[in-house]
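Novice: missing the sequence, but the structure's below:
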């Protein structure tokens, strides 16, 4: 798999509290915000990677961590991963925010989001 970019996703029980921690306490710089203005998701710079804090986790047991991997062709990766025996949690589909996503799980149950940024999408950086 050729990974174009990646990020760690956190889905905490209290996203605003976690965003304040990463922004104001840890001092991470904001890469971008997205979603509704009253409850935006925030992506922070994390060295050569990114940390996204958005959505809501399942409960108070701590944040749910996920891995986000950008690839060139989600549907081709879907076929390859299914043939290799990966556990497909969700088939590829275009999301309301314009990205094409599929979800898989590793053997320990860690969710991995495989993402394609279509041509013309504002996140598109590599024009190859």
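Specialist: The structure has been received and is ready for your questions. Values in this document were obtained by computation on a predicted structure and should not be read as measured data.

Novice: name whatever forms a beta bridge with the spatially most central residue of the chain.
Specialist: With distances taken as CA atoms, centre = their mean, residue 68 lies nearest the centre of the chain, 3.9 Å away. As for beta bridges, residue 68 partners with residue 7, residue 113 under DSSP bridges.

Novice: may I have the residues that are in contact with it?
Specialist: 6-9, 50, 52, 112-113, 115 (CB atoms under 8 Å, 6 or more residues apart in numbering). C-beta here means a position set from N, CA and C on the backbone, and glycine is covered the same way.

Novice: what about 10 Å?
Specialist: Shown in contact with residue 68 (CB atoms under 10 Å, 6 or more residues apart in numbering): 3, 5-9, 43, 49-50, 52, 101, 111-115.

Novice: can you list the buried residues in the helix or strand bottoming out on mean pLDDT in the chain?
Specialist: Least confident helix or strand, the chain: strand 64-71 with a mean of 82, by mean pLDDT, DSSP states H and E. Neighbour-count burial for strand 64-71, counted by 16 or more other CB atoms under 10 Å, picks out 64, 66, 68-71.

Novice: quick one: the residue nearest to the centre of the chain from residue 37, how far?
Specialist: The spacing between residue 68 and residue 37, counted by CB to CB, to the nearest Å, is 23 Å.

Novice: now residue 114
Specialist: Plainly put, residue 114 is 28 Å away from residue 37 if you go by CB to CB.

Novice: those two: who's more crowded?
Specialist: Comparing residue 114 with residue 37 by neighbour count (other CB atoms under 10 Å), the higher total belongs to residue 114, at 25 against 6.
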